[in-house]
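> sequence? don't have it. structure:
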């Protein structure tokens, strides 16, 4: 399966990502203070080019909603403050608050029209562009960016590992749609983990080239806590239930068994330890901060309709692309019924996931990754 | 009327701009050789920042189709050739062909989703971004661009002059939809001309700030030849016929008289002499070339359906925004019938328009326009 087509539900209707991403918004709020503090502490105001007073920011995996706008606002405000306080130092008489050029990145299938309308409606005080393309490859010129940001995007794999869909492989995930699904083989998880490792390597390679030396990067991502089995995560429950709904529909002849077996979801939930190790091993970035964020409210108390919508806005396109547009109403109806009778939303033992805030700095002295 | 919403028909259906812009494509073809020759002659390879080897190109008013892609390809090819030939000179041992970052600009309502899909499908050898916003204001940081391009976009005014819609003004254009329409007062034309002058001033002010000293700019625009009355142009015939169709529909009660009187089309067709004078008067750009392009084939022989479509794809959105979606089928049906019985498409006396290719260079020594 080509996962290059992952994108959130577009537009601004009731099933849109733009109107159903409160969880992500809360994470942006939690990270705001951390971001400001670390930018003040770590940003070298001398990293912008002496020729022009320009500071370039990119949001990797922006989707279409207001969260990307909020996150960028927080970054720019903090950078401005840093420049203003540096002006007062009078050590740099030439120094001035730079102009900002912000690049909103997502896959080419993302709904950039909705994004642009939203951003422009807010009359930002920076220059705004959209830059389509996979962030697992180079999308910017060399040494061009001063700040990179990515929130809740690195859990999307660039592709489904081939073995998972191969009936001759030990990692064949027959009848299931995710490595965390109940009963999935260890080999399936290993194949996903291997793909994640390759993807993070590719992401860091590309960003290491695109960021100027001393450039900063923040990553917010969802993890499953160290030591927790994937099958004990809340995602596992969701994907096991969704998988069983699809299996029911296959049994009823609504889709073929083969169609179901050729589908898996391209999400990987790393653990804090695994993620930190991958960044350290890569070698081009210093880890300035690696911190657990508070649990967004959605996980504390939530009704089933909200829970279903929050899953639907991020997964629906994937189901539609593979199974066709006609099945999603029935799928999510079945999912709602099964989820409603499951203890997932009520029982604290499923709170095994956590979002992490990671603040990185591009090293200045390391060797370049290959171009 | 707020003309900030001018955009071509989106998507790639039968009524889309993408599939009905052969005329514009031919103009890109005609200018290719000129572009290559002048870039070779005028580009100072030293204008890119010594810190990073990056060349920034922008297309102002890109719309959604393949023409913008072709034009940018021609520019990049010519710039690459210039750098390659300069390498051979061995005067600049450090010199290398730069990376290219291309910005496709249009109003925020433009269909960027279709544009991005098209560009990505062609796997360009440069980094691609979309930058939404009116090119009559600043949309880029200072001294950031090395090459600006704009084809057939400067004939769209930023707004309809207020007097034209004001029943107390001598410039009120009652019952007509354009200054070129048969019977329009001289004051209407003057109001349009004044708006055009302000718009060109604003465009050149913004580009003068955004281009580096020595930066290049090409403009292709449609003119009415010097000495020709607006009412003797082919556009005048089209807009007079379209206006009379709307008047017929108002007489039948399909729309109100007031609705019709509050509508005018935001196009202005300059003359070569007027346009050249405005650029010279502005003062920030040297005119390297100001040349008439050959007449695209569409003007030599054309069938009525093609003629109607070529007008429809650029005007339909404007009619829909003002009169609602329901009237356009009937409007263009009536227009087709009237156009078919008019000598416009057959008689050479209406060939009074011509496209011009303008090649400009940002002066290095002039005072900056105000920011």
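Cool, got the structure. Computed from a predicted model, the values in this text were never measured in an experiment. Residues are numbered from 1 along each chain as shown, chains lettered A, B, ... in the order given.
> Around chain B, pick out the residues from chain A.
A:49-54, A:99, A:101, A:103, A:108-109, A:111-113, A:116-117, A:120, A:127-133, A:138-144 (C-beta under 8 Å from any C-beta of the partner chain). Where you see a C-beta, it was placed from the backbone N, CA and C, and this is true even at glycine.
> Select from these every entry located in strands.
Among the residues of chain A next to chain B, DSSP state E puts A:54, A:99, A:101, A:103, A:127, A:128, A:129, A:130, A:131, A:132 in strands.
> burial measure for the third one, as a count.
So the one you mean is residue A:101. 23 (other C-beta atoms under 10 Å in any protein chain shown).
> Not counting its neighbours along the chain, what's nearest it?
Closest residue to residue A:101 in three dimensions, ignoring its sequence neighbours and counting by C-beta to C-beta, 6 or more residues apart in numbering or on different chains: residue A:127, at 4.6 Å.
> check contacts around that neighbour.
In this structure, residue A:127 makes contact with A:99, A:100, A:101, A:102, B:131, B:138, B:139, B:140, B:141, judged by C-beta atoms under 8 Å, 6 or more residues apart in numbering or on different chains.
> run the last query once more with 7 Å
With contact set as C-beta atoms under 7 Å, 6 or more residues apart in numbering or on different chains, residue A:127 has these partners: A:99, A:100, A:101, A:102, B:139, B:140, B:141.
> Looks like residue A:52 contacts residue B:146 (just checking).
No - applying C-beta atoms under 7 Å as the test, residue A:52 and residue B:146 come out as separate, 12.0 Å apart.
> Looking at the two, which one has more neighbours?
Between residue A:52 and residue B:146, counted using other C-beta under 10 Å, residue B:146 has the larger neighbour count: 25 against 15.
> where in chain A is pLDDT low?
Scanning chain A for pLDDT under 70 picks out A:1-8, A:14, A:16-21, A:50-51, A:89-93, A:296-302, A:345-346, A:365-371.
> all helices for the stretch 1-150 of chain A, in order.
Here the stretch 1-150 of chain A has its helices, by DSSP state H, counting those that start in this stretch, at A:22-42, A:66-89, A:112-121.
> how big is the angle separating the shortest one from helix A:66-89?
Following axes from the mean of the first three to the mean of the last three C-alpha atoms, to 10 degrees, one obtains 40 degrees for the angle between helix A:112-121 and helix A:66-89.
> Quick one: residues in contact with helix A:112-121.
Applying C-beta under 7 Å, 6+ apart, the set of residues contacting helix A:112-121 is A:10-12, A:18, A:62, A:64, A:66, A:69, A:104, A:128, A:130, A:132, B:108, B:111-113, B:116, B:130, B:132.
> Tell me how far that helix lies from the chain's centre.
Here helix A:112-121 shows a centroid-to-chain-centroid distance of 20 Å under the convention C-alpha atoms, centre = their mean, to the nearest Å.
> do the first one as well
Centroid separation between helix A:22-42 and its chain, computed with C-alpha atoms, centre = their mean, is 15 Å.
> For the longest strand along chain A, which helices and strands make contact with it?
When chain A is parsed with DSSP E, its longest strand is strand A:211-224. Helices and strands touching strand A:211-224, as assessed by 3 or more C-beta pairs under 7 Å, 6 or more residues apart in numbering or on different chains; DSSP states H and E, comprise helix A:22-42, strand A:145-151, helix A:272-282, strand A:353-362.
> now the spatially most central residue of chain A, what's its secondary structure?
For chain A, the residue nearest the mean C-alpha position is residue A:153 (1.2 Å; C-alpha atoms, centre = their mean). At residue A:153, secondary structure determined by DSSP: H, G, I helix; E, B strand; the rest coil is coil.
> how near is it to chain B?
Counting by C-beta to the nearest C-beta, to the nearest Å, the separation of residue A:153 from chain B is 18 Å.
> wait, that residue sits on residue A:62?
No - contact status for residue A:153 versus residue A:62: not in contact, 8.3 Å apart, counting by C-beta under 7 Å.
> So which elements touch the helix or strand hosting residue A:235?
Counting by DSSP states H and E, the element that carries residue A:235 is helix A:234-251. Judged by 3+ C-beta pairs under 7 Å, 6+ apart, helix A:234-251 is in contact with helix A:257-261, helix A:328-340.
> which helices and strands sit right next to the longest one?
If contacts are counted by 3+ C-beta pairs under 7 Å, 6+ apart, helix A:328-340 sits against helix A:234-251, helix A:304-323.
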